[in-house]
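Asker: Give me a model of this one.
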Amino acid sequence: YSACKTEDIPATFFEITTALAFLYFREAGCDAVVLETGLGGRLDATNVIKSPAISIITSIGLEHTRILGDTVEEIALEKAGIIKKGRPVLMGPCVPHDVVRNYAKKVDSGNVYTVGDVLGSSPRNNLQTENNASPPSALNVLPKDLLTAVDFDKENSQIAEAALRILTEEDSMNRGDNSRLKTITDHDIEQGVSTRPACRFETVTIRCPKTEKNVTVILDVAHNPPALAQLLTKLESTFPGTKRRIVIGMSSDKDIGLSADIILSVVPPGNIHLVQAAHPRAATIDQIRSCAPALASTVSAGVDCSIDAQVRGALELSAWNDEILVVCGSVFIMSEARMALGFEEPRDTDCISEVAGANLRHSQEHFGNDTITTDSEDEAEEEIPPGGHRGVVVSNA
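Answerer: Numbering: from 1, shown residues only. I've put the predicted structure just below:
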């Protein structure tokens, strides 16, 4: 930060942390690095790799529309900006394939694949709701243009497996000086795609100290309507017929009203606890209730709405009522929620948490005023900390 100030470098928090990540990867001697873009792709700080091993467009929904565009096609064009000349491309099932293929052709990319191209079109790979079939209950609330895969976990696993198999095939043809990766075996792939990061339908058993009963707790960073619908759909299929209780905090730039409708489709207001993260982007409790009046009668009404108090209270109620507890809505509530549940793990300082989202609205407005062109090679202007579905670049360090 001192160098940025003295040298008059207008770098954002995300740009600085991205540069630090690259330095860390180099010093650690990484064999391979997975880069997840912060926002969009074309202008993202991570989009400085000239020849990635593969570019992956995972899933696209209507999010950050002020910045990326008002339609899925416009957003797809921004995300396609991570595609590079001569390098392979993989598209998930919930992506406008024509838009991505046209952009890939324009920049003369390598082969363009779908998951079905790599893994085949067996029934296990059929993730999207059929046109004539009724989607699961939580997905019924979504507008048709936002319908996504029924099971995001399977979708992500299959995208990852397809990417690894593409890399394996490419690597086998480039042995010697041009070999990019160590040998990837079928066992490596199976082990890799079975691994889950924290707070992605993370299922843990927590003992409630007041009741001395165990409670099943689901931690998930689902933070927008499609992701919340997928989360609750997976909850229904994994734990059918169970009672649920939800602790949720949201960011102010999300569609809070539609998110609330999705949650209320499977959980009554009396089983919902609203919280607010200590972050500049967090929606206040009043903002949430203003966007979703049906949430005015939630459990948290008129009481301590801190994350710690609400998580502990929800855990106790879940224990008494034999309910599954779900904590979701924003990545920014997870660290404190995990502490309240008894996890002991490193976390950002309050100072870092505050800086991470500072001046975001101003930056978004600046970003949004840039003219969007399909062949631009401009560098990143502004980013947002990760969370949700985005384009991904898998690249050598």
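
Asker: roughly how far apart are the nearest residue to Leu164 once chain neighbours are set aside and Arg87?
Answerer: With Cβ to Cβ, 6 or more residues apart in numbering as the criterion, Leu164 has its nearest non-adjacent residue at 4.9 Å, and that residue is Ile189. Using the backbone N, CA and C atoms, a C-beta is placed for each residue, glycine as well. Note on Ile189: its distance to Arg87, by Cβ to Cβ, to the nearest Å, is 20 Å.

Asker: okay, the two: which has more neighbours?
Answerer: Arg87 (23 against 18; other Cβ atoms under 10 Å).

Asker: For that one, which non-adjacent residue is closest in space?
Answerer: Arg87's closest residue in space is Gly110 (Cβ to Cβ, 6+ apart), at 5.0 Å.

Asker: And for Ala162?
Answerer: Per Cβ to Cβ, 6+ apart, closest to Ala162 is Val118, 4.0 Å.

Asker: Off-centre distance for the host helix or strand of Arg66?
Answerer: According to DSSP states H and E, Arg66 maps onto helix 65-68. Between the centre of helix 65-68 and the centre of its host chain there is 17 Å, according to Cα atoms, centre = their mean, to the nearest Å.

Asker: so what secondary structure elements neighbour it?
Answerer: Applying 3 or more Cβ pairs under 8 Å, 6 or more residues apart in numbering; DSSP states H and E, one finds that helix 65-68 makes contact with helix 72-79, helix 360-368.

Asker: Compare those helices and say which comes out lowest on pLDDT.
Answerer: The minimum mean pLDDT among these belongs to helix 360-368 (a mean of 36).

Asker: so how far is Gly192 from Ile9?
Answerer: With Cβ to Cβ as the criterion, Ile9 and Gly192 are 37 Å apart.

Asker: just Thr46 next, same as before
Answerer: Taken as Cβ to Cβ, the span from Thr46 to Gly192 is 21 Å.

Asker: quick one: which of the two has more around it?
Answerer: Thr46 (25 against 13).

Asker: Please tell me how far the closest residue to the more buried one other than its chain neighbours sits from Gly342.
Answerer: Nearest residue to Thr46, sequence neighbours excluded (Cβ to Cβ, 6+ apart): Leu35, at 4.6 Å. Using Cβ to Cβ, Leu35 is found at 33 Å from Gly342.

Asker: quick one: Ile184 and Thr168 touch, right?
Answerer: Yes: if you go by Cβ atoms under 8 Å, Ile184 and Thr168 touch, sitting 4.7 Å apart.

Asker: which sections of the stretch 1-150 of the chain are below the confidence cut-off?
Answerer: 65, 122-150 (pLDDT under 70).

Asker: hang on, the earlier thing: could you measure the residue nearest to Arg87 against Leu35, distance?
Answerer: 18 Å.

Asker: neighbour count winner among those two?
Answerer: Legend: neighbour count by other Cβ under 10 Å for Gly110 and Leu35, higher for Leu35 (24 against 17).

Asker: And stretch 110-121, end to end?
Answerer: 22 Å (Cα to Cα, to the nearest Å).

Asker: Oh, that last question was meant for stretch 293-304, not what I typed.
Answerer: OK, stretch 293-304 end separation, Cα to Cα: 19 Å.

Asker: give me the low-pLDDT residue ranges for the stretch 201-350 of the chain?
Answerer: Looking at the stretch 201-350 of the chain by pLDDT under 70, you get 299-302, 348-350.

Asker: Can you show me the strands along it?
Answerer: With strands called from DSSP state E, counting those that start in this stretch, the stretch 201-350 of the chain shows them at 202-208, 213-219, 243-248, 272-274, 323-328.

Asker: now the residue nearest to Thr46, what's its secondary structure?
Answerer: Of the three states, Leu35 takes strand according to DSSP: H, G, I helix; E, B strand; the rest coil.

Asker: Could you give the bridge partners of it?
Answerer: Val393 (DSSP bridges).

Asker: surely it meets Val48?
Answerer: No: with contact taken as Cβ under 8 Å, Leu35 and Val48 are classed as non-touching, separated by 9.5 Å.

Asker: list residues touching both of these two?
Answerer: Between them, Leu35 and Val48 share no contacting residue under Cβ atoms under 8 Å, 6 or more residues apart in numbering.

Asker: ok now do Ala19, which residues does it touch?
Answerer: Ala19 neighbours (Cβ under 8 Å, 6+ apart): Ala11, Ala45.

Asker: Ramachandran coordinates for it?
Answerer: phi -60, psi -40 (degrees, to the nearest 10).

Asker: cool, and Pro93?
Answerer: Per degrees, to the nearest 10, the backbone of Pro93 is at phi -70, psi -20.

Asker: still on that earlier bit, sticking with the residue nearest to Leu164, tell me its helix or strand.
Answerer: Short version, using DSSP H and E: Ile189 is in helix 186-193.

Asker: Just the CA trace of that helix, in CSV.
Answerer: Extracted in CSV, the C-alpha atoms of helix 186-193 (Å, rounded to 0.1, in the frame of the first residue of the first chain):
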residue,chain,number,x,y,z
ASP,A,186,-7.8,-41.4,-13.3
HIS,A,187,-7.2,-41.8,-9.5
ASP,A,188,-6.0,-38.2,-9.3
ILE,A,189,-9.1,-37.0,-11.1
GLU,A,190,-11.5,-39.0,-8.9
GLN,A,191,-9.8,-37.8,-5.8
GLY,A,192,-9.7,-34.2,-7.0
VAL,A,193,-13.4,-33.9,-8.0
